[in-house]
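K.L.:
Compute the structure for the input listed below.
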Amino acid sequence: MSLNEEQLLLLLYRSFDDSLSEKENRLLNRALENSPEMREEKRRIQEQRDSLSESAGSMNFGPYFAEGIINRLKAGESRVNPGELFFGELFSNFKRLVAVTVLLCLVLISYNLVIGEGVNADEALYLSQDTYQEILDMPLF
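P.N.:
Numbers count the residues shown, from 1 in each chain. The predicted structure follows:
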């Protein structure tokens, strides 16, 4: 079985963290013997790992460091575009304004019904025949 270069690189990367089967070990060793690029890649990865392990030993992280990083990452994912934030707030405030206006209209209509002597649409909406006539007589242009 022959593997292409990409598969061999994946096998090389995996060899640093996982144990390989005998067959995979033979394929990887053969590739390392035959390819200077593979040997260079293995050397480069090993240097990076050694450098990281040396620097990790000198770092002192607090007790909840990992949880803090995870929370920051989650908070970063939930950030909203400023444009979306502006229009979202505008729409939210508009909904509040509409709700208050409807409530005010209902209160005024209820008040007019209570103070009126009879219950009809004219009194409920505080309209009179004069108002209707004025609207009809109004010139359009």
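
K.L.:
Quick one: distance of stretch 34-51 to the chain centre.
P.N.:
How far stretch 34-51 lies from its chain's middle: 38 Å, per C-alpha atoms, centre = their mean, to the nearest Å.

K.L.:
Check the secondary structure at Leu108 for me.
P.N.:
Using DSSP: H, G, I helix; E, B strand; the rest coil, the three-state assignment for Leu108 comes out as helix.

K.L.:
And the pLDDT at it?
P.N.:
We have a pLDDT of 84 for Leu108.

K.L.:
Ok, Asp18 next?
P.N.:
The model's pLDDT for Asp18 equals 84.

K.L.:
how much space is there between it and Leu27?
P.N.:
Computed as C-beta to C-beta, to the nearest Å, the Asp18 to Leu27 distance reads 15 Å. C-beta: built from backbone N, CA, C; applies to glycine.

K.L.:
cool, Val107 as well?
P.N.:
82 Å.

K.L.:
between the two, which one's more packed in?
P.N.:
Between Val107 and Leu27, Leu27 has the larger neighbour count (other C-beta atoms under 10 Å), namely 18 against 10.

K.L.:
wait, doesn't that one sit right on Leu10?
P.N.:
No - using C-beta atoms under 8 Å, Leu27 is not in contact with Leu10; the gap is 11.5 Å.

K.L.:
Now do the same contact list for Ser110.
P.N.:
Ser110 makes contact with no residue, according to C-beta atoms under 8 Å, 6 or more residues apart in numbering.

K.L.:
Report the mean per-residue pLDDT for stretch 112-125.
P.N.:
Mean predicted lDDT for stretch 112-125 stands at 66.
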